[in-house]
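**Student:** after the sequence you'll find the predicted model.
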Amino acid sequence: MIRKALTIAGSDSGGGAGIEADLKTFSAFGVHGLVAITSVTAQNTQEVRAIYDISPEVVAKQIEAVVEDIGVDAAKTGMLSNAKIIKAVAKTVKKYEFPLVVDPVMIAKSGAPLLREDAMEALIEKIIPLATLVTPNKSEAEKLSGMKIEGLEDAKKAAKIIVEELGAKGAIVKGGHLSLSEAVDVLYFNEKFREYRAPFVKGCTHGTGCSFSAAITANLAKGKKLEEAVRIAKEFITMGIYYGPRIGHGHCPVNQNAWIDIPAEKWRVYESLGNALKELMSIDNLYEHAPEVGMNFIYALPKLYARSKEDVAGVKGRIVKFGNKIKPVGWVEFGASDHLTRAILTFMEFFPEVRSALNLKYSEELIKKASSLGLKVSFYDRREEPEEIKAKEGGTIPWGVKTAIERINDKPDIIYHLGDWGKEPMLLIFGENPEIVLRKLKMLIE
Ligand SMILES: Nc1ncnc2c1ncn2[C@@H]1O[C@H](COP(=O)(O)OP(=O)(O)OP(=O)(O)O)[C@@H](O)[C@H]1O
Ligand SMILES: Cc1ncc(CO)c(N)n1
């Protein structure tokens, strides 16, 4: 049975925070999302241009409509905007039993106020006491607790005040804006403190608070214990920030999809490369073209997710000559290739859509044939490699691929080099996916 989570929050037209972030987060956890919109904001990554509050009656009616028909396993609040909406929300949710996560949204990342000054009292009096968990950031926790927060100990004190004096069941003070060496959040719940730590990552932070509280809500809806829901949400938000898409001109948005996109893309890569590898092994004369150092066949995750060696799949132990056949030593694994991986990651900086490659033994004949077939061919000469790059471990291939691409100022199908002392001459075939690489290979050698 699918679980249902409700978000009572404002809309962010930029799709990074608010209702939009919450729905994407719910989806990422396989939970059906329900909404009660409190306010419509005209917003982008840089600023909030307008705020139009929905009438409190309509906010209440949205909640009732979904609870009474569909049912709610857990709910969260985000931007509540004004005192009348706060009162209507409190009165309505009080009628029901579901756990409630309260993200006490006050100010947008861009600096715009999302809660009227005169609504603070209503938030503290009407909503906080209903909360299973309150999720303030540093300045929100300061407003709620009435104390200044400098470090972790202060954050703990504030969390305790929010529980003991304001009446929430739990509070987690988020460390995104605390100047600590890690992103540490402190939870006070059931009279115990718990810390959640993650490294600060460079990335996109518009919508972190919304997505974090929505992730907790989704996991509560799935029946997870609060501490476990927070642990999962912490992993989720760190990943979402790291893989945020660089869009807009201000604070770019969290990528809520990374959580499901990466496993899905990994599966596609396994399947596609695995199928192509089976087909590769059925090519009769391939062993004649296999280099002495072995062959590999690789496929990278989409550009947004292809950051390092671990994001590129290849054949474990390479593909080797075995009599007059070729044989993969292991099977398809992420992180299995070194040389070709460096080549594809460099290639993708120029042409992000080109994600697959395979290497063959160089032969003049193949290069001639490639040109006659209309394939674009370029090369690099290891003897021309600048000394400072030679001195750097692993620098040759990125330099070579860059040199080859810049030489023809176009997207090559093939890049070769004639070797150097102790280096076997090699020919690399590139393509958008393994099937396209295979097609080019067959044109060449069959
Ligand atoms: N650069 C970062 N790297 C890793 N984690 C971060 C980073 N910035 C924030 N976080 C984490 O993201 C979560 C949200 O915290 P944050 O303090 O950013 O919320 P917020 O200020 O309410 O967000 P918003 O601006 O969307 O309202 C917390 O778990 C926090 O530790
Ligand atoms: C609608 C909305 N809710 C919450 C936030 C918090 O960042 C935002 N920027 N916009």
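**Tutor:** Received it, and whenever you're ready, just let me know what you need. Numbering: from 1, shown residues only. Ligands and ions are numbered 1, 2, ... in the order given.
**Student:** quick check: longest strand of the protein.
**Tutor:** strand 32-43 (DSSP state E).
**Student:** what's next to the lowest-mean-pLDDT helix or strand in the chain, contact-wise?
**Tutor:** One helix or strand of the chain scores below all others by mean pLDDT, DSSP states H and E: helix 387-390, with a mean of 84. With contact meaning C-beta atoms under 8 Å, 6 or more residues apart in numbering, helix 387-390 is reached by 395-396, 399. (C-beta placed from N, C-alpha, C; glycine too.)
**Student:** redo that, cut-off 6 Å
**Tutor:** 395, 399 (C-beta atoms under 6 Å, 6 or more residues apart in numbering).
**Student:** returning to that earlier point: pull the CA atoms of the longest strand of the chain into PDB?
**Tutor:** Output of strand 32-43 as PDB, limited to C-alpha atoms (Å, rounded to 0.1, in the frame of the first residue of the first chain):
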ATOM      1  CA  HIS A  32       2.200   9.800  -2.700                       C
ATOM      2  CA  GLY A  33       2.300  13.600  -2.200                       C
ATOM      3  CA  LEU A  34      -0.700  15.700  -1.100                       C
ATOM      4  CA  VAL A  35      -0.800  19.500  -0.900                       C
ATOM      5  CA  ALA A  36      -2.500  22.300   0.800                       C
ATOM      6  CA  ILE A  37      -1.100  25.500  -0.800                       C
ATOM      7  CA  THR A  38      -0.900  28.500   1.600                       C
ATOM      8  CA  SER A  39       0.600  31.100  -0.600                       C
ATOM      9  CA  VAL A  40       1.800  31.600  -4.200                       C
ATOM     10  CA  THR A  41       5.200  33.200  -4.600                       C
ATOM     11  CA  ALA A  42       6.700  34.600  -7.800                       C
ATOM     12  CA  GLN A  43      10.200  33.400  -7.100                       C
END
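**Student:** distance between the very next helix or strand once past it and the chain's centre?
**Tutor:** Heading C-terminal from strand 32-43, the first helix or strand you meet, by DSSP states H and E, is strand 48-53. Relative to its parent chain, strand 48-53 has a centroid offset of 28 Å by C-alpha atoms, centre = their mean, to the nearest Å.
**Student:** okay, now the sheet partners of strand 48-53, with direction.
**Tutor:** Strand 48-53 pairs in its sheet with strand 32-43 (antiparallel), by DSSP bridges.
**Student:** would you mark the buried spots in the partner strand?
**Tutor:** 32-41, 43 (16 or more other C-beta atoms under 10 Å).
**Student:** what about that strand, near ligand 2?
**Tutor:** Yes: residues of strand 32-43 contacting ligand 2 under C-beta under 6 Å from any ligand atom: 41, 43.
**Student:** starting at the chain centroid, how far to that strand?
**Tutor:** 23 Å.
**Student:** residues in contact with that strand?
**Tutor:** 2, 4, 6-8, 10-14, 19, 23, 26, 48-54, 59, 62-63, 66, 79-81, 85.
**Student:** how about a cut-off of 7 Å?
**Tutor:** By C-beta atoms under 7 Å, 6 or more residues apart in numbering, the surrounding residues in contact with strand 32-43 are 2-14, 19, 22-23, 26-27, 48-54, 59, 62-63, 66, 70, 72, 79-81, 85.
**Student:** and if you look at stretch 311-331?
**Tutor:** 269-270, 273, 277, 281, 286-287, 290, 294-301, 305-306, 332-334, 336-337, 340-341, 344.
**Student:** swap the cut-off to 8 Å and go again
**Tutor:** The contact list for stretch 311-331 (C-beta under 8 Å, 6+ apart) reads 266, 269-270, 273-274, 277, 280-281, 286-287, 290, 293-301, 305-306, 332-337, 340-341, 344-345.
**Student:** kindly export the helix or strand encompassing Phe430 (C-alpha atoms) in PDB.
**Tutor:** According to DSSP H and E, Phe430 maps onto strand 426-431. C-alpha atoms of strand 426-431 as PDB (Å, rounded to 0.1, in the frame of the first residue of the first chain):
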ATOM      1  CA  MET A 426      46.100   2.800 -29.100                       C
ATOM      2  CA  LEU A 427      42.900   3.700 -30.800                       C
ATOM      3  CA  LEU A 428      39.800   4.800 -28.900                       C
ATOM      4  CA  ILE A 429      36.300   4.700 -30.200                       C
ATOM      5  CA  PHE A 430      33.800   7.100 -28.600                       C
ATOM      6  CA  GLY A 431      30.000   7.300 -28.700                       C
END
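**Student:** so what strands line up beside that strand?
**Tutor:** strand 356-361 (antiparallel), strand 414-417 (antiparallel).
**Student:** who in the protein is up against ligand 1?
**Tutor:** Residues of the chain lying near ligand 1 (C-beta under 6 Å from any ligand atom): 17, 109, 137, 174-177, 183, 185, 198, 200-201, 205, 207-210, 212, 234, 237-238, 241.
**Student:** just how off-centre is the least confident helix or strand of the chain within its chain?
**Tutor:** Distance, centroid of helix 387-390 to centroid of chain: 35 Å (C-alpha atoms, centre = their mean).
**Student:** nearest to Gly146 among the buried residues of strand 32-43?
**Tutor:** Thr38 (25.6 Å; C-beta to C-beta).
**Student:** wait, what's in contact with Gly253?
**Tutor:** To be clear, residue 253 is Pro; Gly isn't right here. Per C-beta under 8 Å, 6+ apart, neighbours of Pro253: 14-17, 21, 45, 204, 206-207, 244-245, 247.
**Student:** what's around the one residue in the stretch 201-350 of the chain that gets nearest to ligand 1, how many residues?
**Tutor:** Relative to ligand 1, the nearest point of the stretch 201-350 of the chain is Gly209 (2.4 Å; C-beta to the nearest ligand atom). Applying other C-beta atoms under 10 Å, we find 25 residues neighbouring Gly209.
**Student:** again, but for Lys222
**Tutor:** 18.
**Student:** and the residue in the stretch 301-446 of the chain positioned nearest to ligand 2, what are its phi and psi?
**Tutor:** Nearest residue of the stretch 301-446 of the chain to ligand 2: Leu304, at 22.3 Å (C-beta to the nearest ligand atom). Per-residue torsions, Leu304: phi -60, psi -30 (degrees, to the nearest 10).
**Student:** ok, it touching Gly244?
**Tutor:** No: assessed by C-beta atoms under 8 Å, Leu304 is found out of contact with Gly244, at 9.1 Å.
**Student:** between these two, which has more neighbouring residues?
**Tutor:** Higher neighbour count among Leu304 and Gly244: Gly244, with 25 against 17, using other C-beta under 10 Å.
**Student:** who's in contact with the more buried one?
**Tutor:** Contacts of Gly244 by C-beta under 8 Å, 6+ apart are 203-205, 252-255.
**Student:** do Ala17 as well
**Tutor:** 43, 78, 108-109, 206-207, 209-211, 253.
**Student:** for the nearest residue to it once chain neighbours are set aside, list the residues it contacts.
**Tutor:** The shortest distance from Ala17 to any non-neighbouring residue, by C-beta to C-beta, 6 or more residues apart in numbering, is to Gly207 (3.8 Å). Taking C-beta under 8 Å, 6+ apart, we find Gly207 in contact with 12, 16-18, 21, 253-254, 256.
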